[in-house]
Structure formats: C-alpha cells, structure tokens
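Trainee: Here is a sequence with its predicted model. Questions after.
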Amino acid sequence: MSSPSRAAIPLRVLVSIEVAALVCGTSYSLSRKYMNLLRAEGLPGLTTYFRHPLYQGMWCFAGQLLAWPLWRLEQRGALGSHEDAAATLDGKAEPPVSGRRAAALCAVPTLFDVLGTVLNNAGLILTDVSVYQMLRGSVILFTALASRALFRRPFTEVDLQGLGLVGVGILCIGLANTLFWDYSAHHGHMAMRRGEYAPWPAMGNFLIILSQALMAGLFIAEELLLKERHLPPLRLVAWEGSLGVAFNAALLLLTLLLPGPDAGALENPVHATLQLFHSPLIFVAVSVMALSLLAFNLAGVYITKFQTATHRACVDATRQVLVWAHALAVGWEAFNRTELLGYALLLLGTLQYSGVVELPLIHAWLRRKGYAPI
C-alpha cells in the first residue's frame, strides 16, 4: 500500500498537525531563551549563565529518542496501520529499509540538523528571541532555492514576488535590533539587562541566518527520505535523535579538551550537567525544550510527508508573532517599528509564496515590465 497522499488525509488532521507544530515550536523557542537567562552553580564555587550551545543541542536530540518506542508501537499497529513498511513504487512492493541502511540515510539530514541546531543555540544566546524567531523565517527562502536547484521546481511571478518580500523582511528584521535599535525605548532595568539578554545581536543574527541555510538542507533531505526512500516519519525522527546525540557527544568531548571561557574549556559539559541538577528551573526548561522539540519535529516530518518541505517551512514561519508577543509581555524587549515592518513583509511574502494571498499591484507591475515566469 502506498504512503498516504495529501488528498487522502482529512483536513482536520492536517490542521491539527500544523497547530501542534505551531504550539510546540513556540514553547521550544521560549524555553531555550529562558534557560539562557538563568544562572546556577556548576563546578564548586563557579556560578554562570546556562549558555552551552552544544550541550543544549544534545538534549534537543535526546528528546527525539522517545520516537523509538512510538515507532515500535506503530510497528505493532497500536498507532494505526503500518503503511510505510511496504510502500509501493510503480505498483511494486518495496521492502522496508534495513537498520544499517536507515542509519546511513539519516546521517546526512542529522548532520545538517546538528550544525544548524548549534548555530541556532549560539545565535539565540546573542540576540533577541523575537528577532531569532523571525529570522528563522528565512528558511522558506533557502528551502525554495534548494528545491529549485535539486527538484527543478519552477518559480512563477507569484513565487518570486513572495520570496522577494521574504528577503526584504529578513533584512529589516536583522537591522531592527542592530542599526535601528531604539535606545530611548529601552530604559531602566531593561537597558541594564541588554548585555545579558542580547549581548551581540549582529553576530547572533548572522549565525541564525546561516543556521537556516543548513536547516533548509535538513528539510530537503527529509523530503527525499520520506517520499523517495519511503522511510517512516517516526523512524526518521528516532534515527536523527540517536545520531544527533552521538555527533553532539563527540563534539562535546572535543570542546572539553580545548581551552576556552566555559569553566576553562571551550564548552564544559561537566559544568553544564552540574548546573542542570543544581537548578530545578534549568531542569524544567531543558525538559520542556526537549519534549517540545520532539513533538515539533514529529509534526514537521508529517507535514513534509503529507505536503512538502516548503509547506513545512511556511508553517514554521508563522509562529513568530506568538514569540514576539511573549517577549513584549514579560518585558524582555520593547516594541520596534522596524521589526514590525520586517515581520509584516516576511508574513506577507510567506503567504504570497504559499499561495494564500496574491498582491495584484506588484503582480501587475511585473507584467507591465514583461517579466515572465522562469
């Protein structure tokens, strides 16, 4: 039996998956920023902020290990029919992918995920959480370009129009907390905490945009595995979790041996682990982050399976307003008009590219210029 197509999936199921991705993605982003603002004692006599990009990334992947028992349950039929075990191709039954083969296939998207997650974590430490979340919307631009290059998916005027708006929006957002940051709006306690909350916004913004180029590679690689290799979504997430933990552990061993500012090392996992167990708040934040990411990734791969990687990027780009609203409500940030302009352009471009809205004036202007689809 072939894998379910988008037409075979009820609309309410698709909407439920997308809402789950929205809620869990928002929880993931906020819990990560919150833990970066917490201080705790780690090694004896050493109290620092809980800012460890690789260590945090390892816990992100550790949460995905819970996909293994879920996949086993699916194998036994407890979560529905196991349609992926014998996916068909041109009417011919295709055998399940072996364990070694699945691990080898998942290594490529996991590598993209590990590098992207580490850069994401580092960027979030350095910049505002709302800007971080909005800049993640650039993944739709990178995903579209990768889809064009690999799958030869053509761009129409509407596509180019939407992607152009996304690009301009990302530029405005990146400048909002750097060149156009309003010092007069940040006063008192908020101004004093600026160096703690977002110590180097420009570098943080750059790292986040770079990470989204890698995450686009993750989305495209996952789409190939889900649709061409017929790898079950739960098995894909489980293997990415296992390989991600292994890759991060190897990198943490290396950073522990290199000198640096984190308790004498480039990143000290021993110090981070002691902080985790000394602070209940950090423990809760890490747990929420890991579980939220598990649910978010599960929802994401099902969106990719039933729809496309680009559609997944569109859904991922719609949760910025929730993160921004929370940052404003709790006093982490002040309202910024440039950021609002950037978000409006990003959202409009995302909706335009996904076909939800159309901008007739820009579209008509392109036609008058004789611009044709490519």
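Mentor: Yes, it's here.

Trainee: From what I see, E196 and L38 are in contact.
Mentor: No. Applying C-beta atoms under 8 Å as the test, E196 and L38 come out as separate, 10.9 Å apart. C-beta coordinates here come from the backbone N, C-alpha and C atoms, glycine included.

Trainee: Which one's more surrounded, these two?
Mentor: Using other C-beta atoms under 10 Å as the criterion, E196 and L38 rank with L38 on top: 14 against 11.

Trainee: Tell me which stretches of the stretch 51-200 of the chain form helices.
Mentor: Taking DSSP state H, counting those that start in this stretch, the helices of the stretch 51-200 of the chain run over residues 53-64, 67-75, 99-126, 129-135, 139-151, 157-176, 189-192, 194-197.

Trainee: Give me the mean pLDDT for the third one.
Mentor: Which is helix 99-126. Mean pLDDT, computed over helix 99-126, is 92.

Trainee: what's the angle from that helix to helix 53-64?
Mentor: 130 degrees (axes from the mean of the first three to the mean of the last three C-alpha atoms, to 10 degrees).

Trainee: Now do helix 99-126: distance to the chain's middle.
Mentor: 11 Å (C-alpha atoms, centre = their mean, to the nearest Å).

Trainee: now swap in the last one and tell me
Mentor: Between the centre of helix 194-197 and the centre of its host chain there is 23 Å, according to C-alpha atoms, centre = their mean.

Trainee: Likewise for the fourth one?
Mentor: What separates the centre of helix 129-135 from the centre of its chain is 11 Å, taken as C-alpha atoms, centre = their mean.

Trainee: what sits up against it?
Mentor: With contacts defined as C-beta atoms under 8 Å, 6 or more residues apart in numbering, helix 129-135 is touched by 29-30, 33, 120, 123-124, 169-170, 173-174, 176-177, 201, 204-205, 208-209, 212, 319-320, 323-324, 327-328, 332-333, 339, 342-343, 346.

Trainee: give me that answer again for 6 Å
Mentor: 29, 33, 124, 173, 177, 208-209, 320, 323-324, 327, 333, 343 (C-beta atoms under 6 Å, 6 or more residues apart in numbering).

Trainee: pLDDT check: weakest of the residues you listed?
Mentor: Among these, pLDDT bottoms out at Q320, giving 84.

Trainee: Quick one: neighbours of it, just the number.
Mentor: Neighbours around Q320, by other C-beta under 10 Å: 27.

Trainee: does the closest residue to H52 other than its chain neighbours belong to a helix or a strand, and which?
Mentor: The spatially closest residue to H52, leaving aside those adjacent along the chain, is A272, at 4.4 Å (C-beta to C-beta, 6 or more residues apart in numbering). In the assignment (DSSP states H and E), A272 maps to helix 269-278.

Trainee: so how many other residues sit close to K227?
Mentor: 15.

Trainee: To clarify, my last question referred to Q275.
Mentor: Count around Q275 with other C-beta under 10 Å applied: 29.

Trainee: can you tell me which residues contact it?
Mentor: Contacts of Q275 (C-beta under 6 Å, 6+ apart): A40, G42, F50, I282.
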